[in-house]
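In: please find the sequence and the predicted model below.
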Amino acid sequence: MDTIITRRRALGLGAATIGGTLLYAANSRVAADAAVKTPWEWKELPPESIQERAYASAWAKVGCMYGVLEAVLGTLGDKYGAPYNTFPVDATVYGSGGIGGIGSLCGTVNAAGMLFGLFAKSQEDMFALCGEMSLWYEKAPLPVYKPKDPKHQIPDVTSVSGSNLCHVSSTRWANASGQKLMTPQHFERCNRLVVDAAVKIVSMLNEYSRGKMTYKEKLNAFSEGCQACHGPAGIKANVASSMSCNACHEDPH
Ligand code: HEC
Ligand code: HEC
């Protein structure tokens, strides 16, 4: 009973309604509002309007995934309240450094997927949007954004990652810029890239919600060639990936 009382107090439920564990369990269920079902309604934002917030949020946690989500959902939440302000953005710090510093999927691409998951009207659309974002990320020379008040100076150098992996993207930039990684300069680069990604995602969602989404990105010719046999419709059908194959493979044939 002791623990139940303590937990009830922690939840701000007075001791007067003590009725045992079952009642406690029932109460705790009604205490939380049900999450609003997706898809949520996308409200158009001018993409440039979130730039400074994305840069500041990315720095706040040195969090690339967090920076994107805080800027987009935070802006919508400030303007329109629920459901946008009900999303636990703090939970997305996990996406930093390619998922907890592992160097796998870049947090900005991860954030894009999360937002498409909230706003896309079908699973098919969500997959298509994720594919477009990933290929854009692989091919775009980044970072482009120049903060008004940069936290750190970095060489004015962009790099093309050729991969959606944090490791590959960061190392290509390190080589292009001559900077070391896991330094303030590295994070400055990534936090500027957060802004570019956030602008891209908001632009995509604006277009998508107007029913005018045009998918521009395609796998490169090298990868298309591989997919003809290794992709799902091919004779081997042993590869499930829409990443650029040449990030990791040469042609072994
Ligand atoms: C015309 C069909 C075809 C195309 C196109 C093709 N592959 Fe293959 N690939 C195969 C087959 C069949 C095998 C099985 C190995 C074998 O029997 O030679 C294979 C095997 C492989 C292997 C294992 C190879 C090894 O050395 O054991 C890799 C890796 C591979 N392919 C990568 C690629 C990549 C990367 C591309 C694109 C540049 C590509 N393949 C294009 C048919 C193809
Ligand atoms: C991020 C790096 C990466 C990317 C991108 C990637 N691969 Fe791979 N791929 C690997 C690794 C690592 C293996 C495992 C190799 C092994 O077991 O020897 C592998 C295995 C394979 C194999 C099986 C080889 C075998 O021994 O049977 C094929 C075929 C293949 N990849 C094709 C592709 C194609 C086609 C694409 C693009 C759509 C692609 N890969 C994208 C890293 C990658």
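Out: Looks like it arrived, so ask away. Ligands and ions are numbered 1, 2, ... in the order given.

In: use CA for all of it now, contacts and neighbours both
Out: Fine.

In: how close does G98 sit to T108?
Out: The gap separating G98 from T108 is 9 Å, by CA to CA, to the nearest Å.

In: which residue, other than its chain neighbours, is closest to whichever residue of the stretch 1-150 of the chain sits closest to ligand 2?
Out: Residue of the stretch 1-150 of the chain nearest ligand 2, by CA to the nearest ligand atom: S104 (8.9 Å). The shortest distance from S104 to any non-neighbouring residue, by CA to CA, 6 or more residues apart in numbering, is to G98 (4.3 Å).

In: which stretches of the stretch 151-253 of the chain form helices?
Out: Taking DSSP state H, counting those that start in this stretch, the helices of the stretch 151-253 of the chain run over residues 166-177, 184-209, 221-230.

In: hmm, back to that, and G98 and T108? which has more neighbours close in?
Out: Using other CA atoms under 10 Å, the more surrounded residue of G98 and T108 is T108, with 34 against 23.

In: return the residues in contact with the residue of the chain found nearest ligand 2.
Out: Nearest residue of the chain to ligand 2, counting by CA to the nearest ligand atom: C245, 3.3 Å away. Shown in contact with C245 (CA atoms under 8 Å, 6 or more residues apart in numbering): F222, S223, C226.

In: those also near ligand 1: which ones?
Out: The subset of these within reach of ligand 1, by CA under 6 Å from any ligand atom, is F222, S223, C226.

In: tell me how far the ends of stretch 140-160 are from each other?
Out: 6 Å.

In: for stretch 95-115, that is, sorry about that
Out: With CA to CA as the measure, stretch 95-115 spans 13 Å from end to end.

In: buried ones in it, by neighbour count?
Out: For stretch 95-115, the neighbour count (16 or more other CA atoms under 10 Å) marks 95-99, 103-115 as buried.

In: same question for that stretch, mean pLDDT?
Out: For stretch 95-115, mean pLDDT is 98.

In: ok, the residue nearest to F187 when sequence neighbours are not counted - contacts?
Out: Distances taken as CA to CA, 6+ apart place V62 nearest to F187, at 6.9 Å, with adjacent residues excluded. Taking CA under 8 Å, 6+ apart, we find V62 in contact with S96, F187, N191.

In: my read: the last one touches K61, true?
Out: It refers to N191. No - N191 lies out of contact with K61 (CA atoms under 8 Å); the separation is 10.2 Å.

In: any idea which residue sits dead centre in the chain?
Out: Closest to where the C-alpha atoms of the chain average out (CA atoms, centre = their mean) is A111, at 1.0 Å.

In: who's in contact with whatever residue of the stretch 151-253 of the chain ends up closest to ligand 1?
Out: Proximity of the stretch 151-253 of the chain to ligand 1 (CA to the nearest ligand atom) peaks at C226, 3.3 Å away. Going by CA under 8 Å, 6+ apart, C226 touches C245.

In: with L181 instead?
Out: S170, T171, A174.
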